[in-house]
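Undergrad: when you get a sec, could you give me coordinates for this:
(one chain, ligands or ions: 1)
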Amino acid sequence: MYEQISHSILNEILDQLKPEIKEQELSHFYTRLGANFYSLFSLFQKLYGNRKDFKLQLLKLVEVMARQYILRSPELKKTDLAREKDFNWFLSPKWVGMTLYADGFADNLKDLQSKIDYFEELGINLIHIMPILECPRNASDGGYAVSNYRKIDERVGNLEDLQNIAQEMKKRDILLVLDVVVNHTSNEHEWAEKARQGNQTYQDYYYTFKNRDIPDTFEKNLPDIFPQTAPGNFTWDESMKKWVMTVFNNYQWDLNYQNPAVFSEMLDILLFWANQGVDILRLDAVAFLWKKIGGSSQNEPEAHILLQLFKDCCQVTAPGTLFIAEAIVAPVEIVKYFGEDAINAKECEIAYNATLMALLWDTVATKNAKLLKQGIKNLPDKLERATWLNYIRCHDDIGLGFTDEDIAQAGYEPKLHRQFLLNYFSGKFDHTAARGLLFAQNPKNNDARISGTLTSLIGLETALEEGNSEKINLATQHIILLHSMIFSFGGIPLIYYGDEIGTINDFSYMGNLSKANDNRWAHRPKIDWKKAQLRKIAGTIEQTIFSALQQMIRVRKKISAFGDFNNRELINLSNLHLFAFLRIDPNNQDHVLVIGNFDGNYQSLNLSEIDTPMVRFNDNENIKDLYSGESPSLFKNELVLPPFCFYWLSTY
Ligand code: OTU
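TA: Numbering: from 1, shown residues only. As a prediction, the model looks like this:
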């Protein structure tokens, strides 16, 4: 868009650029800057327009973008151009991801590089390495309290190791995802150290207060994220003699984005990592970016403006780099992190589907799909050119993030149902084999979240201990069923490391003082590679799970209806244990019927219930399950579904 005011400001800025920038050949940079400048300027003005130094801050921002563009390698610039041309590249069903800790999955980054064959064996081509930037030894929140954004923690390696692994991955067409913790720094970060020494410039990088007046006003509406270990949202700093805002742990200082210098610093960091060959940046805790008195300081409109601005700037310098929004918030709020408009107000291309995740866990406890159906029905549509990250487990706890309204519509009393789920997963309920742990219990509202690995939560650990082969088979099948959903739902499936070989809870963290009071470490295991070897031995649970996922991935990649183009239709079935949806190929209208039985007993479905105008599953003898390559059992027009079984059906 051409708009006079912003364009004349752009001309001024271009005039003022330092000679070392002006001298460079930056034609692509300038075209993109021109295309995005009106939007960039308007957003920056909304946030910082009332400052006297507004124009200077804008100039600094453009300088950051230009300098990082100059540093961007020719190979990455080539990738940028290719992705600009093929802009839907990340919506293809070919992508399948895994999240892992470099020092949990492997020993360190070097060792991780030697494990790339394993990813290829399974079919993984997107790897999210959990935070690896420098952190204080005993106050790191698993990497989410960064003390140096440009240095890799020596416990896992160095920048060269990362560059090597990034290069190797690129060669093999594997995407690299890294975290940037944008919301807060460690209290040992250089900025915090300077603030502590009394430097006002750096105190303004954070929210600091001389007395409790404002903190107390904030506290009236702010929830506690870690109520047991870090109650309250402010921490007294003795050397500063001030209160500092610490929404998460008391050693994680919230950055003050009301200060444009903070924005430019963080943009510089994002682009620095984009320039190291990172394909996708995971932006941590984005819902918390803007703080406002009187509310929960989550999902504020300004947080969205910040993300649009990050996106606009990143598109100028490194348009091939995508963002993942980590916003574990209410279903209607999550979708807003894709942005309001795919072109004019884009935010993050990818977002965690925390809603689907939580709903899948509900089916595990209830053995039916009532709430799942209800929750997915009410899941708002995504923007175009945006996609979900579908997952079952991750390094965090499971929050029961569906709404009370949906619980009620599914026929339960919300409070009781939530309590039932917590009891079920923490093993307090009679008929449960789940071995979860309650995390972040809040005595004020009886809230809690759940920790534990998939294998332990689903009951496989208990079944193995009992040596009950029937229960072992059922639990294994159950693990496979949940994966069949995230592989077919629409979006990028993200496997949590260790789940592919049935890894159980690990309590060794309790021997480490800095981890002992955070039971999320129970599901952040060190991979036992002897156990992983069992994936090659027929009849082991490792082999059963691994080979099922391997097959699913192989098949998924070939089903173009599994690409994510808002091409899913939910099907209403009378059998409450079943969940079904159609995926429709946008090119040729081919249909795939995904159906799962969430019960531990046989269930059946009369195919006349699937009434699609395009493809007749009803009265059709020629139905094939694409996963197994076989025709499922049909009795008259009744499809038979064994316990925890799934089908990806197509007609031929
Ligand atoms: C994120 O978590 C990280 O994934 C956690 O590992 C960190 O502890 C946390 O940020 C602080 O850096 O902010 O938007 O239920 O889901 O804390 C959601 C707890 C977050 C997490 C929540 C989350």
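Undergrad: what number of residues lie near the residue of the stretch 401-550 of the chain found nearest the ligand?
TA: Closest residue of the stretch 401-550 of the chain to the ligand, C-beta to the nearest ligand atom: Arg449 (5.6 Å). Every C-beta, even on glycine, is put in place using the N, C-alpha and C of the backbone. Around Arg449 there are 22 other residues, counting by other C-beta atoms under 10 Å.
Undergrad: identify all contacting residues around the lowest-mean-pLDDT helix or strand in the chain.
TA: In the chain, the helix or strand scored least confidently by mean pLDDT, DSSP states H and E is strand 634-635, which has a mean of 84. Identification of contacts with strand 634-635 by C-beta atoms under 8 Å, 6 or more residues apart in numbering yields 604, 607, 621, 623, 640.
Undergrad: would you list the buried entries among the residues you listed?
TA: Under a neighbour-count criterion of 16 or more other C-beta atoms under 10 Å, the subset of the contacts of strand 634-635 counted as buried comprises 607, 623.
Undergrad: pretty sure Asp611 sits against Asn618.
TA: Yes. Using C-beta atoms under 8 Å, Asp611 makes contact with Asn618 at a distance of 7.1 Å.
Undergrad: that older thread, can you pull the contacts of the residue of the stretch 401-550 of the chain closest to the ligand?
TA: Counting by C-beta under 8 Å, 6+ apart, Arg449 touches 397-400, 438-440.
Undergrad: 6 Å - rerun?
TA: Counting by C-beta atoms under 6 Å, 6 or more residues apart in numbering, Arg449 makes contact with 397, 399, 439-440.
Undergrad: count of neighbours near the nearest residue to Phe507 once chain neighbours are set aside?
TA: For Phe507, ignoring the flanking residues on the chain, the nearest one in space by C-beta to C-beta, 6 or more residues apart in numbering is Ala522 at 6.2 Å. For Ala522, the neighbour count with other C-beta under 10 Å is 23.
Undergrad: once you drop chain neighbours, what's closest to the residue of the stretch 51-200 of the chain found nearest the ligand?
TA: The minimum distance from the stretch 51-200 of the chain to the ligand, using C-beta to the nearest ligand atom, falls at Tyr144 (3.3 Å). Setting aside the residues directly before and after it, Tyr144 is nearest to Val181 in space (C-beta to C-beta, 6+ apart), at 5.3 Å.
Undergrad: does the one you found touch Val146 like I think?
TA: Yes. Taking contact to mean C-beta atoms under 6 Å, the distance of 5.2 Å between Val181 and Val146 places them in contact.
Undergrad: partners of the least confident helix or strand of the chain in the sheet?
TA: Listed by DSSP bridges, the sheet partners of strand 634-635 and their directions read strand 638-641 (antiparallel).
Undergrad: helix, strand or coil for Leu474?
TA: Look at Leu474: counting by DSSP: H, G, I helix; E, B strand; the rest coil, its state is helix.
Undergrad: just the closest residue of the stretch 201-350 of the chain to the ligand, please.
TA: In the stretch 201-350 of the chain, the residue that lies nearest the ligand is Ala285 (3.3 Å; C-beta to the nearest ligand atom).
Undergrad: contacting residues around that residue?
TA: Applying C-beta under 6 Å, 6+ apart, we find Ala285 in contact with Asn183.
Undergrad: okay, now Asn575: neighbour count?
TA: In terms of burial, Asn575 registers 17 neighbours under the definition other C-beta under 10 Å.
Undergrad: returning to what we had before: my read: the residue of the stretch 51-200 of the chain closest to the ligand touches Asn183, true?
TA: No. Shown here, Tyr144 and Asn183 do not form a contact pair, counting by C-beta under 6 Å, at 9.0 Å.
Undergrad: who's in contact with the nearest residue to Arg385 once chain neighbours are set aside?
TA: Nearest residue to Arg385 in three dimensions, chain neighbours excluded: Ala342, at 4.7 Å (C-beta to C-beta, 6+ apart). By C-beta under 6 Å, 6+ apart, the contact set of Ala342 is 383-385.
Undergrad: what about these, which are in helices?
TA: Among those, no member falls in helices (criterion: DSSP state H).
Undergrad: can you select the buried ones from these in ChimeraX?
TA: Those of the contacts of Ala342 that meet the burial criterion (16+ other C-beta under 10 Å) are gathered into one ChimeraX selection, given here:
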select :383,385
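Undergrad: dump the contacts of Ala342 into TSV; add distance to the ligand and pLDDT as well.
TA: As requested, the contacts of Ala342 are exported to TSV (distance: C-beta to the nearest ligand atom, whole Å; pLDDT from 0 to 100):
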residue	distance to the ligand	pLDDT
Leu383	20	91
Glu384	24	90
Arg385	23	93
